[in-house]
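S.K.: quick check, what structure comes out for this input:
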Amino acid sequence: MQVLTSSADLKSSQSQRNRIQVEELVSELRDRLKHVWDGGSSEAVALHRKRGKLLAHQRISSLIDPNTPWLELSPLAAWGIYENQVPSAGIITGIGYVSGRPCVIVANDATVKGGTYFPLTIKKHLRAQEIAMQNRLPAIYLVDSGGVFLPKQAEVFADKEHFGRIFYNQARMSAIGIHQVAVVMGMCTAGGAYVPAMCDENIIVKGTGKIYLAGPPLVRAATGEEVTAEALGGADLHTRLSGVSDHLAENEQEALERCRDAIGYLGRARFPPTRDADPLAPLYPESDLYSLIPSSSQQPMDIREIIARLVDGSRFQEFKSRYGTSLVCGFAHWMGHRVGILANSSALFAESALKGAHFVQLCNQRRLPLIFLQNVPGFMVGKRYEEQGIIKAGAKMVQTVATAKVPKFTIMIGVSHGAGNYAMCGRAYNPRFVFGWPNARTSVMGGQQAANVLVTIKQQQLAKRGKRLSDDEIRQQTESVLTQYDIETSAYYSTARLWDDGILDPIETRSTLGFCLDIAYQSPRTDHRQPVYRW
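M.R.: As a prediction, this is how the structure comes out:
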């Protein structure tokens, strides 16, 4: 296999500027992650601990196997939304090893608005269930929630992807043999009571665990009955009388141990999977990425230099290297797994789209997972390219990406604009995981292009009435659009809304995606090969 040779001058002034900028971006990322790690307010945390309860991250740390990977998903969900009062959307989700088996873990954070569900809390919970279904992973729910956040009830209750979808997914997961275990460590009220009830097994903690459809205030208002929370839905009631819970635990540590036992008795896990080769470190340090990521999205990115720092042994067998050169395709090993890689060096042309479609078909035929490294300003526009059938070629690439049945993974390493996002397997194309780098920018088009388009439209509207925009008005409108796009295209805007599964420090890309490739091997591998067409 070909070995990529680096020719990057990492000591140049531009490389130094790149490194300074990326280090600042990574420092900002770490600060924000530290901020949300603390959960709710200091008062809420103190009250939680006073009740003898572990914090959400502490529960997860006690549950997963020591010294094993933990991949937290969307830790910056809801960043800058809900007045920034709902860190991590009030719920911790991720993948970790429990009793030697990788599991999806969903943990309510009761220090954040009592663990109640906001719209993005639901979206994050559903995304975790989707990952469990796609990869056939057991799901563990660490429940400590007051149910839906009532002031947002119109946004969380009745629609297809609202609160009820959680229980619908639980039923579907059970039907395809995905094991689910709940640990009730606090409140579990109203519709949320169905989370433990629909699991294979559930454990409830004595004293703090409560399960009921309506709490004492609502029962009193609805029926006039006076009853305590413990008598209404405590651990004794549900393990001795109702049978809603299967196991009684004296404290949280015992409950987590019982959960580990439940996972341990699922049978022999097919994990870790057999890799195609032993992982081999790249020839060049991953820290070089800081110097290779352009400090401006207007500057080109040498994608082969990036790949050389990510794949095993920096070995990359390029496909059609002289054709459709704005898209780089090739075969490699990533942490021991054989993969196909598609990466952008500039906009997609008709030739690069056809090349991409051909390459995706090859990987689908050979059952190779696909990795998309997105730095795509979109498809090329203009009369010449329309004559060449850019739409037709783009549709072929979009179609092959959409119908490829091998696991797909996407990393936003730069810009991602327009239909280029779709062709390179954006969120809408159902990749197993999507991550972004802190420099990533995602939007329907670049900010300057959007400003120019909107100014042009406004000028045309005014011209019909015999008017025109002044230079000052053009400047003001342009600046307004650029400011809006600067906010709405940022990596934090995207991750806050769960358009990805989290922002990565670039030097964590190789190991994180290697873990995700391991995870993907849990799902059944069916015969899904199709003919390969040379478009």
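S.K.: the strands in the stretch 401-535 of the chain, which residues?
M.R.: 408-417, 433-436, 441-443 (DSSP state E, counting those that start in this stretch).
S.K.: same list (the ones you listed) but as TSV, adding distance to residue 233, mean pLDDT and mean neighbour count.
M.R.: The way it works is simple: take the backbone N, C-alpha and C, and place the C-beta from them, glycine included. Converted to TSV, the strands of the stretch 401-535 of the chain look like this (distance: least, CB to CB, whole Å; pLDDT from 0 to 100; neighbours: other CB atoms under 10 Å):
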stretch	distance to residue 233	mean pLDDT	mean neighbour count
strand 408-417	42	97	26
strand 433-436	37	98	25
strand 441-443	44	93	22
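S.K.: looking at these, which is nearest to residue 253?
M.R.: Closest approach to residue 253 among the strands of the stretch 401-535 of the chain is made by strand 433-436 (31.4 Å; CB to CB).
S.K.: can you tell me the closest non-neighbouring residue to residue 392?
M.R.: residue 350 (7.8 Å; CB to CB, 6 or more residues apart in numbering).
S.K.: so which elements touch the longest helix anywhere in the chain?
M.R.: Taking DSSP state H as the criterion, the chain has its longest helix at helix 13-37. Helix 13-37 sits against helix 289-292, with contacts defined as 3 or more CB pairs under 8 Å, 6 or more residues apart in numbering; DSSP states H and E.
S.K.: what residues does the helix or strand just after the helix it packs on touch?
M.R.: Next along the chain after helix 289-292, taking DSSP states H and E as the criterion, comes helix 303-308. For helix 303-308, contacts defined as CB atoms under 8 Å, 6 or more residues apart in numbering pick out 4-8, 282-284, 288-289, 292, 314, 316, 328, 330, 332, 341, 343-345, 373, 375, 413.
S.K.: between the worst-scoring helix or strand of the chain on mean pLDDT and strand 408-417, how many degrees?
M.R.: Every helix and strand in the chain was compared by mean pLDDT, DSSP states H and E; the lowest is helix 447-463, with a mean of 86. Helix 447-463 runs at 50 degrees relative to strand 408-417, counting by axes from the mean of the first three to the mean of the last three CA atoms, to 10 degrees.
S.K.: mind checking which of the contacts of helix 303-308 are in helices?
M.R.: Within these, residues falling in helices by DSSP H are 289, 292.
S.K.: out of the contacts of helix 303-308, which sit inside strands?
M.R.: The strands, defined by DSSP state E, take in 328, 330, 332, 341, 343-344, 373, 375, 413 from the contacts of helix 303-308.
S.K.: distance to residue 357 added to the residues you listed, as JSON lines?
M.R.: Shown next, in JSON lines, are the ones in strands among the contacts of helix 303-308 (distance: CB to CB, whole Å):
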{"residue": "328", "distance to residue 357": "15"}
{"residue": "330", "distance to residue 357": "15"}
{"residue": "332", "distance to residue 357": "20"}
{"residue": "341", "distance to residue 357": "15"}
{"residue": "343", "distance to residue 357": "16"}
{"residue": "344", "distance to residue 357": "15"}
{"residue": "373", "distance to residue 357": "17"}
{"residue": "375", "distance to residue 357": "19"}
{"residue": "413", "distance to residue 357": "22"}
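S.K.: look up the closest residue to residue 484, ignoring the ones flanking it.
M.R.: Using CB to CB, 6+ apart, the closest residue to residue 484 is residue 447 (8.0 Å).
S.K.: actually residue 295, not the one I typed
M.R.: Closest to residue 295 by CB to CB, 6+ apart is residue 21, at 4.1 Å.
S.K.: what's near enough to touch that neighbour?
M.R.: 293, 295, 439.
S.K.: top of those residues by neighbour count?
M.R.: residue 439 (25 neighbours; other CB atoms under 10 Å).
S.K.: for residue 422, which non-adjacent residue is spatially closest?
M.R.: residue 398 is the one closest to residue 422 (CB to CB, 6+ apart), at 5.4 Å.
S.K.: how much space between residue 129 and residue 519?
M.R.: 15 Å (CB to CB, to the nearest Å).
S.K.: then residue 76?
M.R.: With CB to CB as the criterion, residue 76 and residue 519 are 21 Å apart.
S.K.: ok, residue 109 - contacts?
M.R.: 39-40, 55-56, 87-88, 90-92, 115, 144.
S.K.: report the two of these separated the most.
M.R.: 87 and 144 (15.3 Å).
S.K.: who has more neighbours out of these two?
M.R.: Shown here are residue 87 and residue 144; by other CB under 10 Å, residue 144 has more neighbours (28 against 23).
S.K.: helices of the stretch 401-535 of the chain, start to end?
M.R.: Under the criterion DSSP state H, counting those that start in this stretch, helices of the stretch 401-535 of the chain are mapped to 419-423, 447-463, 471-488, 491-496, 509-520.
S.K.: which one of those is the most hemmed in?
M.R.: Among the helices of the stretch 401-535 of the chain, helix 419-423 has the highest mean neighbour count (mean count of other CB atoms under 10 Å), at a mean of 24.
S.K.: what's next to that one, contact-wise?
M.R.: With CB under 8 Å, 6+ apart, helix 419-423 has contacts from 344, 347-348, 353, 356, 374, 376-379, 394, 397-398, 401, 428-429, 442.
S.K.: give me the buried subset of those residues.
M.R.: 344, 347-348, 353, 356, 374, 376-379, 394, 397-398, 401, 429, 442 (16 or more other CB atoms under 10 Å).
S.K.: show me the shaky parts of the stretch 401-535 of the chain.
M.R.: Applying pLDDT under 70 to the stretch 401-535 of the chain flags the ranges 525-530, 533-535.
S.K.: hmm, 50 instead?
M.R.: Low-confidence segments of the stretch 401-535 of the chain (pLDDT under 50): none present.
S.K.: who are the contact partners of residue 108?
M.R.: 56, 90-91, 115, 142-145, 186.
S.K.: check residue 249 too.
M.R.: Going by CB under 8 Å, 6+ apart, the list of residues near residue 249 reads 183, 203-206, 235, 255, 258.
S.K.: again, but for residue 254
M.R.: Residue 254 neighbours (CB under 8 Å, 6+ apart): none.
S.K.: which SSE is it in?
M.R.: Following DSSP H and E, one finds residue 254 within helix 252-264.
S.K.: for that helix, buried residues please.
M.R.: Neighbour counts over helix 252-264 (16+ other CB under 10 Å) mark 252, 255-256, 258-260, 262-263 as buried.
S.K.: can you redo those residues as TSV with pLDDT and distance to residue 479?
M.R.: Supplementary listing: the buried residues of helix 252-264 in TSV, determined by pLDDT from 0 to 100; distance: CB to CB, whole Å:
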residue	pLDDT	distance to residue 479
252	97	53
255	98	56
256	98	54
258	97	59
259	97	54
260	97	56
262	96	58
263	95	55
